[in-house]
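Visitor: Here is my input; please provide its structure:
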Amino acid sequence: MRILLVEDDQAIVETLSEFLESEGFSITSKSSEKPAIAAIDAAPFDLVLLDVSLARGSGFPVCKAAKEKDVPVIFLTASGDENSVVKGLDMGADDYITKPFRPRELVSRIRSVLRRSGAESVLLLGNGVTVDPDRGVVTKDGGEIKLSALEFRLLMAFLNHRGKLMTREKLLEDIWDIAGDFVNDNTLTVYIKRLRVKLGDDPQNPQIIKTVRGLGYRMD
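Guide: As a prediction, this is how the structure comes out:
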């Protein structure tokens, strides 16, 4: 998912970009109105994260440019700036979040808006495998694959970090069972093997969940 981040606070840009990229998003950042509009005109984006108050220009023309291309917009607003929120929503903004915000809450808002806009729906993994995150359904060549809850969480951990190296420690952190089922390093090996088999991903030459020798795994 390609996100345009329009924010003039460089510290926020750096922190937020790093976090969102770790969640599997591709981030382009602009700090002012005109470059942001030019970026929207020049390249396709799946969503715009937009600070209302910019040092150079305003966020509202950027919102207008995005909505003309049917790109979803989430406004980043200062606490208590009700007028900006109302104006942004009237212009067609899809959601807003007030600063300071928790990064994981923002990611949840982003995914919700992407689902509503249809940008994040059924994903094609290759080898005839598709994943519908909203319905929790995985298919291969049109037939549904039955995954356990932990297998599905493991698959979603890879999907949410596509293109990124996933260490075993990070995977264990992401799939830890809140119900209390014990997941250790050996269990992880078993689940990855089972998941590969169910996806039809040859364990000897995997193409979906790839092994990075000595480091972990990666889904391209």
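
Visitor: Parallel or antiparallel, which strands does the helix or strand of the chain with the lowest mean pLDDT pair with?
Guide: Sorting the helices and strands of the chain by mean pLDDT, DSSP states H and E puts strand 123-126 at the bottom, at a mean of 72. With DSSP bridges as the test, strand 123-126 is paired with strand 129-132 (antiparallel).

Visitor: Now do the next helix or strand along the chain from the strand it pairs with: which elements does it pack against?
Guide: Scanning forward in sequence from strand 129-132 by DSSP states H and E, the next helix or strand is strand 137-140. Helices and strands touching strand 137-140, as assessed by 3 or more CB pairs under 8 Å, 6 or more residues apart in numbering; DSSP states H and E, comprise strand 129-132, strand 143-145. (Each C-beta comes from the backbone N, C-alpha and C, glycine too.)

Visitor: quick one: strand 137-140 to chain centroid distance?
Guide: Taking the mean of its C-alpha atoms, strand 137-140 sits 20 Å from the chain's own mean (CA atoms, centre = their mean, to the nearest Å).

Visitor: May I see the buried residues of that strand?
Guide: Residues residue 138 are the ones in strand 137-140 that count as buried (16 or more other CB atoms under 10 Å).

Visitor: List of residues touching that strand?
Guide: Contacts with strand 137-140, where a contact means CB atoms under 8 Å, 6 or more residues apart in numbering, come from 127-132, 144-145, 147, 152, 155, 199-200.

Visitor: rerun that using 7 Å as the cut-off
Guide: With CB atoms under 7 Å, 6 or more residues apart in numbering as the test, strand 137-140 has contacts from 128, 129, 130, 131, 144, 145, 147, 155, 199, 200.

Visitor: ok, now stretch 28-37?
Guide: Counting by CB under 7 Å, 6+ apart, 4-8, 13, 17, 39, 54-58, 61-62, 65 sit against stretch 28-37.

Visitor: Helices of the chain, start to end?
Guide: 10-22, 33-42, 59-68, 82-90, 103-117, 149-159, 168-175, 185-199 (DSSP state H).

Visitor: Ok, which of these comes nearest residue 220?
Guide: Taking CB to CB, helix 149-159 is the member of the helices of the chain nearest to residue 220, at 10.0 Å.

Visitor: what pLDDT, on average, does the closest one get?
Guide: The average pLDDT for helix 149-159 rounds to 87.

Visitor: Below-threshold pLDDT in this protein: ranges please.
Guide: Counting by pLDDT under 70, the chain has low-confidence residues at 79-80, 118-122, 134, 176-183.

Visitor: quick one on the thing from earlier: tell me which of the helices and strands packed on strand 137-140 sits most buried.
Guide: Mean neighbour count, computed with mean count of other CB atoms under 10 Å, is highest for strand 129-132 among the helices and strands packed on strand 137-140, reaching a mean of 18.

Visitor: between the helices and strands packed on strand 137-140, which gets nearest to residue 82?
Guide: Closest of the helices and strands packed on strand 137-140 to residue 82 is strand 129-132, at 37.3 Å (criterion: CB to CB).

Visitor: residues making contact with the closest one?
Guide: Counting by CB under 7 Å, 6+ apart, 121, 122, 123, 124, 125, 138, 139, 140, 155, 159, 199, 208 sit against strand 129-132.

Visitor: hmm, try it at 8 Å
Guide: Counting by CB under 8 Å, 6+ apart, 121-125, 137-140, 145, 155, 159, 199-200, 208 sit against strand 129-132.

Visitor: Nice, that's everything, thank you.
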